[in-house]
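Trainee: Below are the sequence and a predicted model; questions follow.
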Amino acid sequence: SAVISQKPSRDICQRGTSLTIQCQVDSQVTMMFWYRQQPGQSLTLIATANQGSEATYESGFVIDKFPISRPNLTFSTLTVSNMSPEDSSIYLCSVRMAGPETQYFGPGTRLLVL
Amino acid sequence: QKEVEQDPGPLSVPEGAIVSLNCTYSNSAFQYFMWYRQYSRKGPELLMYTYSSGNKEDGRFTAQVDKSSKYISLFIRDSQPSDSATYLCAMTLIQGAQKLVFGQGTRLTINP
């Protein structure tokens, strides 16, 4: 498995501001993902973070709102831009070591937007 | 209709009971099936995975896949209070991007 850390673990932000979430893995991984988990809901994939190129976004998510960087094989950031209360959620970093049966999740970042 | 359906519960059982958690799905092309456990205020933890049909056992946990019925189950024997968590099923295709599709999660409480 992989040890995944996320910073910050939680934050309270004002609407209209932006927050950057960092994800660090203890080993090189083939794929990194960003998910959102709204209260009482399941996990929704935001995007796949591609090393050295633009992220691949899922339907309903756009780069201007959720810019993602992945400068190397162990680190990625997700920015939540121009936040509104609807962005209040848990944001989870996830990595895949090899096949889909080796996908692991970070502890999450709990975001509250006022 | 969602691709993966999972009863959100909550499910409350006494300690020592056998727990059955289930998901149904609509895409017959799904081949990988995972179960994640998520404790409160934590990220999901990969519990078990199976490929295609059949059973897989790991200690007190058994994962079962019935592809003909598009139905998967997770059984927990001799349930413990420490098993209290939300259990999420997830599945994916064997080819392509292999993005995980999650169920809503079932909140389970084991009462001492």
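Mentor: Looks like it came in fine. Numbers count the residues shown, from 1 in each chain, chains lettered A, B, ... in the order given.
Trainee: CA only for contacts and neighbour counts going forward, please
Mentor: OK.
Trainee: Could you pull up the contacting residues of B:Tyr36?
Mentor: By CA atoms under 8 Å, 6 or more residues apart in numbering or on different chains, the contact list for B:Tyr36 reads B:44-48, B:87-90.
Trainee: That one: which element?
Mentor: strand B:32-38 (DSSP states H and E).
Trainee: Just the closest of the contacts of B:Tyr36 to A:Thr30, please.
Mentor: Distances from A:Thr30 to these, taken as CA to CA, are shortest for B:Leu46 (17.5 Å).
Trainee: per-residue pLDDT, that closest one?
Mentor: Here the pLDDT value assigned to B:Leu46 is 93.
Trainee: that older thread, can you list the strands that the strand holding B:Tyr36 pairs with?
Mentor: Paired strands of strand B:32-38, with direction, are strand B:45-51 (antiparallel), strand B:85-92 (antiparallel) (DSSP bridges).
Trainee: ok, now which ones touch B:Val65?
Mentor: Taking CA under 8 Å, 6+ apart as the criterion, B:Val65 is in contact with B:33, B:50, B:52-55, B:71-73.
Trainee: ok, 10 Å please
Mentor: Listed by CA atoms under 10 Å, 6 or more residues apart in numbering or on different chains, the contact set of B:Val65 reads B:22-23, B:31-33, B:50-56, B:71-74.
Trainee: between the contacts of B:Tyr36, which has the most around it?
Mentor: Within the contacts of B:Tyr36, most neighbours by other CA atoms under 10 Å in any protein chain shown means B:Cys89, with 31 neighbours.
Trainee: you'd agree it is up against B:Arg107?
Mentor: No - the pair B:Cys89 / B:Arg107 is not scored as a contact, 12.0 Å apart, by CA atoms under 10 Å.
Trainee: pretty sure A:Thr109 is in contact with A:Gln38, am I right?
Mentor: No - using CA under 10 Å, A:Thr109 makes no contact with A:Gln38, being 11.6 Å away.
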